[in-house]
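Student: Turn this into a model:
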Amino acid sequence: MLPEEIAHFKTEIAQRTTNLKTLSGEFLQKKHMAFLQNDIESSGRFYFVAPDKIKWAYANPYRYSVIFKNGKIFIDNEGEKNTIDIGKNKLLDKLNKLIVNSINGKMLESNDFKIMYHQNADYFIANLLPTDPVVLKLFKEIVLTFDKTDYKIHRVKLVEPSDDYTQIYFTKLKTNAPIEDSVFRL
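Tutor: Below you'll find the model as predicted:
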C-alpha cells in the first residue's frame, strides 16, 4: 500500500474503534500443523467488552470457554474449571494484550512490531512481525485482515516459530450491542 493509503486505513480503524464498547460474533478456527494431513477446525462465539474483557466460547467439536478479565484467565473445559493469574506469567500477559489490541485496533500502533501493509480487491492486510522477544516466543508473524467495506476484522492468522499456524475467521460481527455480565461467568 502507498503511504497515503496506509494513513487513511489507520485513521479509519482508529475512528471506528475509538467508540468501540462491545464486539461479538462467531468464529471458525483452523489450526494447521505440518505433521497433520488436515487442519483441525473448531468454532464458536466470541465476546469483547472494552477495555479488556474477552470470552472465547467454543461449541464445536467440543465445549470449551476461555475468559480473560480482571487480570485472570478463567477456563471451563466441559465442566472442569481453572483460573490462571495473568500477572504471574509474562507470556500470558502479552497474549492477553495481543488479543485485546487486535480487537481494538491498537496493535497497528504498537512499537512491538514491524508492520507491512497490503491490500487486494476485498481486504486490507497488515503483516506484523514481532520485535518484542516475549512475543517472538509465541509468534513469528501475525496477519490481520480487515474487510474493505466496513473495516471490521475478518481474519487473524497467528504463525508460530515452527511455521504451524492458526487462522481465525470472524462472521456475524455486532458492534456495540449489549452483552450481559453473565456472559463472563463460568
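
Student: distance between the helix-or-strand element of the chain with minimal mean pLDDT and the chain's centre?
Tutor: Least confident helix or strand of the chain, by mean pLDDT, DSSP states H and E, is helix 90-104 with a mean of 78. Mean-position distance between helix 90-104 and its chain equals 8 Å (Cα atoms, centre = their mean, to the nearest Å).

Student: buried sites along that helix?
Tutor: 92, 94-104 (16 or more other Cβ atoms under 10 Å). Where you see a C-beta, it was placed from the backbone N, CA and C, and this is true even at glycine.

Student: now swap in stretch 158-167 and tell me
Tutor: 158-159, 165-167.

Student: which ones among these are found in strands?
Tutor: 158-159, 165-167 (DSSP state E).

Student: Which two among the residues you listed are spaced furthest apart?
Tutor: Greatest spatial distance in these: 159 and 167, 9.6 Å, computed using Cβ to Cβ.

Student: hang on, the earlier thing: with distance to residue 30 and pLDDT added, can I get the buried residues of stretch 158-167 in TSV?
Tutor: Conversion of the buried residues of stretch 158-167 to TSV gives the following (distance: Cβ to Cβ, whole Å; pLDDT from 0 to 100):
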residue	distance to residue 30	pLDDT
158	11	94
159	13	96
165	9	97
166	7	95
167	5	96
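
Student: Show me the shaky parts of the chain.
Tutor: Scanning the chain for pLDDT under 70 picks out no residues.

Student: so where do the strands sit in it?
Tutor: Applying DSSP E to the chain gives strands spanning 22-32, 40-49, 53-60, 64-69, 72-77, 80-85, 113-119, 123-130, 141-147, 153-159, 165-175.

Student: before we move on, back to that, of the ones in strands among the buried residues of stretch 158-167, closest to residue 35?
Tutor: residue 165 (13.5 Å).

Student: residues contacting the closest one?
Tutor: By Cβ atoms under 8 Å, 6 or more residues apart in numbering, the residues touching residue 165 are 31-32, 157-159.

Student: one more time with 10 Å, if that's ok
Tutor: 30-34, 39, 139-143, 157-159 (Cβ atoms under 10 Å, 6 or more residues apart in numbering).

Student: Could you do residue 177 as well?
Tutor: Applying Cβ under 10 Å, 6+ apart to residue 177 gives the contacts 21-25, 47.

Student: Highest neighbour count among those residues?
Tutor: For the contacts of residue 177, the largest neighbour count, defined by other Cβ atoms under 10 Å, is 23 neighbours, found at residue 23.

Student: Surely residue 148 is in contact with residue 120?
Tutor: Yes - using Cβ atoms under 10 Å, residue 148 is in contact with residue 120, at 8.8 Å.
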